[in-house]
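*Asks:* pasting the sequence and the predicted model now:
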Amino acid sequence: MKAIVLHRTGGVEELKYEGVPTPEPGPGEVLVRVRAAGVNHCDIDLRTGTFGITLAYPHVMGVDAAGEVEAVGSGVTQWKKGDRVAPHFVLSCGICVNCLRGHENICLAFQVLGVTQWGGYGEYLKVGQHHLVKLPDALGFDEAVSSYVPFATAWEALITVGKLQAGEYVLVNAAGSGVGSAGVQIAALAGATVIATAGSDAKLRRAKELGATFGINYENKSVASEVMRLTKGRGVECALDMVGGELLKQAIGALAPGGRLVTVGAHGGEVVPIDFIELFRKHVSIHGCGRSTKAIAAQVLALVADGKLRPIIHKRFPLRDAGKAHTLLASRKVFGRLVLNA
Ligand SMILES: [Zn+2]
């Protein structure tokens, strides 16, 4: 098969479009013909070597994908050729105590698609039969791959962990990012009043089209004081951050008494000084998450297929142009997802 193959860390020139052996499904495994793959920030970290793990080369990255079952290994009972599926990027073990409790997203022995095994940057990928989610018939492959990780992550963060309620104020940082634009939509669907932040007024206009009531340009305004002004001193009951750094600090300062902040990423600053006096005086809490369960993924895909959530595709690229997609994503001049088509 053709794939984008990484032989060492480096710049986008290390993303080689070349032929590699097509994976063969073993017992209990499914071979998927990839029709669409997503481009994620972690792909850039894997390529440049800042992800914090040592890859086994040659490596095919790609955390998310959507396609059709091409072949199944022996003992596979759930899937057949032609089924439309998306692999779940958390490859859980199925037998640890967290898996048994239904929390397979925090499996004690999980592997990650596109990181610990070959992922979506190829014409085919293989996963265990329990690591696939069925796609709704009405959902296209590009839409599915654009929806899966952002909406499932934002749902996990806002609804499951952040326990967002109708009538609450919620702050969504980086509303132009995949998780941010998904978070705006989910929070609005849940009946919350959304305050979105972004680094440009154009992104804030898009966020308002998706359901945000207010927008704050963090390049020229203090997020914390602007939130207090907009909420008349109340603050937000819930905040979603995937940036870290100064924006995370601002989000903590924007919390109402008893507020919950959920963090799902920190590319803008991984080490953040926090005044813990502010935390206990205001009874606020900080939660980390970032990997959803398959159940949540299936749920958000159904909402997308129903038209209640809207996937945002910024641009599509042929698989061979993955380097161009990486360059565009790194420029941050993106609203929504970048999709690779093999
Ligand atoms: Zn497990």
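*Replies:* Looks like it came in fine.
*Asks:* need phi/psi at Leu31.
*Replies:* In terms of degrees, to the nearest 10, the main-chain angles of Leu31 are phi -100, psi 130.
*Asks:* for Gly38, same thing?
*Replies:* Phi and psi for Gly38, reported as degrees, to the nearest 10, are phi -90, psi 160.
*Asks:* just the pLDDT at the residue lying closest to it once chain neighbours are set aside, thanks.
*Replies:* Closest residue in space to Gly38, ignoring its immediate chain neighbours: Asp64 at 4.2 Å, by Cβ to Cβ, 6 or more residues apart in numbering. To be clear about C-beta, it is placed using only N, CA and C from the backbone, and glycine gets the same treatment. The model reports Asp64 with a pLDDT of 95.
*Asks:* give me every residue that touches Asp64.
*Replies:* 37-38, 40, 86-87, 89, 113-114, 119-120, 145, 148-149 (Cβ atoms under 8 Å, 6 or more residues apart in numbering).
*Asks:* any idea how far it is from the ion?
*Replies:* The spacing between Asp64 and the ion, counted by Cβ to the ion, to the nearest Å, is 20 Å.
*Asks:* got the contact list for the closest residue to Glu156 other than its chain neighbours?
*Replies:* Spatial nearest neighbour of Glu156, chain neighbours left out: Ser292 (4.1 Å); criterion: Cβ to Cβ, 6+ apart. Contacts of Ser292 were listed using Cβ under 8 Å, 6+ apart, and they are 90, 105, 152-153, 155-156, 160.
*Asks:* which ones among the residues you listed lie within helices?
*Replies:* Taking DSSP state H, the ones among the contacts of Ser292 that sit in helices are 152-153, 155.
*Asks:* gap between the residue nearest to Glu156 and Glu246?
*Replies:* 27 Å (Cβ to Cβ, to the nearest Å).
*Asks:* where does the residue nearest to Glu156 land in three-state SS?
*Replies:* coil (DSSP: H, G, I helix; E, B strand; the rest coil).
*Asks:* how near is it to Ala66?
*Replies:* For Ser292, the distance to Ala66 - Cβ to Cβ - is 16 Å.
*Asks:* which parts of the stretch 151-300 of the chain are strands?
*Replies:* 169-172, 193-198, 214-217, 236-241, 255-263, 285-288 (DSSP state E, counting those that start in this stretch).
*Asks:* out of those strands, which gets nearest to the ion?
*Replies:* Minimum separation from the ion across the strands of the stretch 151-300 of the chain (Cβ to the ion) falls at strand 285-288, 18.6 Å.
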